[in-house]
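Enquirer: my questions are about this predicted structure, shown below with the sequence.
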Amino acid sequence: MSDFRLAVCAEMVFLELPFVERVRTIAGLGFDVEMWEWAGKNLDEVERAGATISSMTGYLGGTLADADGAEELLKTARMSLDVAERLGCPRLNVHGTGLDERGLPVVPAGEVTPAMWLTAARTLERLAELGERAGRVFTLENLNTAVDHPGTPFARAADTIALVEAVGSPFVRLNLDLYHAQIGEGDLVRLVERALPFVGEIQVADVPNRTEPGTGEIHYPAVAAALRRRGYRGVVALEAWASGDSTVALERFRSVFSGNGDQPGNGQGW
């Protein structure tokens with residue numbers, strides 16, 4: 001039995017299966033399911049799969065920090081809220097700007113100006129209003145710019161924490177992605193302790209290959225212990241590629257965050 005609610009991103013595991021079969025398989029193994037962009041998916045099939053959809057992308061385009069981009073983000077966020085209502089999904093994820101199919105920012109930013117910070121905060125306040133009316137939470141995800149998402153504004157965990165704290169609404173929270181944070185900032189235990197008052201969910205993968213915990217440099221049992229020590233009982237989601245067999249990857253993830261990952265022989269010895 002886990003102290004946390006465990007979810008798995010269906011975009012990154014069981015890749016040999018059609019998407020809806022991934023959803024069923026993950027749910028059948030006892031996890032909630034996360035998905036990325038809902039457009040282009042057969043929502044009837046996803047709905048019939050009977051899984052608990054924990055999180056999905058909460059917009060189709062737009063940006064936080066310019067007027068036209070903000071309007072596009074808010075327009076597609078309204079559409080996403082309708083889908084979230086249909087699927088019973090409580091959290092909708094957003095970024096500083098839309099990302100293309102390679103994960104690169106649609107509107108890159110070499111410099112984030114004070115005016116951009118102000119516009120981003122105001123856009124998030126408007127998202128919070130939408131979320132409050134719909135009874136859903138928007139989560140702002142940190143990203144790394146060194147490897148996966150160069151040029152993305154408001155990408156560091158320090159940036160996302162500052163924005164969510166400034167908005168001060170329970171309907172805009174953090175999606176604290178510890179894979180991205182390790183690449184961008186490190187010091188993960190102190191980071192989660194600082195961020196927890198603003199966290200809507202936590203995502204995990206190991207570094208450098210973005211695979212399941214225990215395959216890289218992050219000592220996730222220490223992170224899990226810090227979360228327990230601070231009383232976190234929310235969602236921890238695996239957003240990672242499987243290093244080999246997907247079922248084994250999910251069980252490794254479960255082992256760390258169910259309290260068994262502190263035992264000798266687990267960790268990098270799997």
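Expert: Cool, got the structure.

Enquirer: now that T52 has come up, it's in contact with M35, right?
Expert: No - look at T52 against M35 with CB atoms under 8 Å: they stay out of range, at 11.7 Å. From N, CA and C alone the C-beta is placed, and that goes for glycine too.

Enquirer: which residues of the stretch 151-270 of the chain score low on pLDDT?
Expert: Counting by pLDDT under 70, the stretch 151-270 of the chain contains low-confidence residues at 260-270.

Enquirer: ranges for the helices of it?
Expert: 157-167, 178-184, 188-195, 220-229, 246-257 (DSSP state H, counting those that start in this stretch).

Enquirer: out of those, which is the most enclosed?
Expert: helix 178-184 (a mean of 24; mean count of other CB atoms under 10 Å).

Enquirer: so which elements touch it?
Expert: Helix 178-184 sits against helix 157-167, helix 188-195, strand 199-204, with contacts defined as 3 or more CB pairs under 8 Å, 6 or more residues apart in numbering; DSSP states H and E.

Enquirer: tell me the strands beside the shortest one, with direction?
Expert: Strands that pair with strand 199-204, judged by DSSP bridges, come out as strand 172-177 (parallel), strand 235-238 (parallel).

Enquirer: can I get the helices and strands packed on helix 178-184 in TSV with distance to E125?
Expert: As requested, these are arranged in TSV below (distance: least, CB to CB, whole Å):
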stretch	distance to E125
helix 157-167	5
helix 188-195	20
strand 199-204	16
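
Enquirer: and these: which comes nearest G69?
Expert: Closest of the helices and strands packed on helix 178-184 to G69 is helix 157-167, at 15.4 Å (criterion: CB to CB).

Enquirer: relative to strand 199-204, how tilted is that closest one?
Expert: Angle of helix 157-167 versus strand 199-204, following axes from the mean of the first three to the mean of the last three CA atoms, to 10 degrees, is 170 degrees.

Enquirer: P105 contacts T145, doesn't it?
Expert: No - using CB under 8 Å, P105 is not in contact with T145; the gap is 9.1 Å.

Enquirer: which stretches of the stretch 1-150 of the chain form strands?
Expert: According to DSSP state E, counting those that start in this stretch, the stretch 1-150 of the chain carries its strands in the segments 5-9, 32-34, 53-57, 91-94, 137-141.

Enquirer: R252 is nearest to which of these?
Expert: Nearest to R252, of all the strands of the stretch 1-150 of the chain, is strand 5-9, at 11.7 Å by CB to CB.

Enquirer: so how far is that closest one off the chain centroid?
Expert: Counting by CA atoms, centre = their mean, to the nearest Å, strand 5-9 is centred 10 Å from the centre of its parent chain.

Enquirer: once you drop chain neighbours, what's closest to R24?
Expert: Among residues not flanking R24 along the chain, A49 sits closest, at 5.0 Å (CB to CB, 6 or more residues apart in numbering).

Enquirer: look up how far L174 lies from that neighbour.
Expert: 28 Å (CB to CB, to the nearest Å).

Enquirer: more neighbours, P105 and T145?
Expert: Per other CB atoms under 10 Å, whichever of P105 and T145 has more neighbours is P105, with 21 against 18.

Enquirer: could you report the separation of the more buried one from G62?
Expert: Going from P105 to G62 by CB to CB gives 12 Å.

Enquirer: which residues are common contacts for those two?
Expert: Common neighbours of P105 and G62, counting by CB atoms under 8 Å, 6 or more residues apart in numbering, are 97-98.

Enquirer: contact partners for T139?
Expert: Counting by CB under 8 Å, 6+ apart, T139 touches 55, 58, 91-94, 172-175, 200-201.

Enquirer: in the sheet, who's paired with the closest residue to it other than its chain neighbours?
Expert: Once flanking residues are discounted, T139 sits nearest to N175: 3.8 Å by CB to CB, 6+ apart. Note on N175: beta-bridge partners by DSSP bridges are E141, E201.
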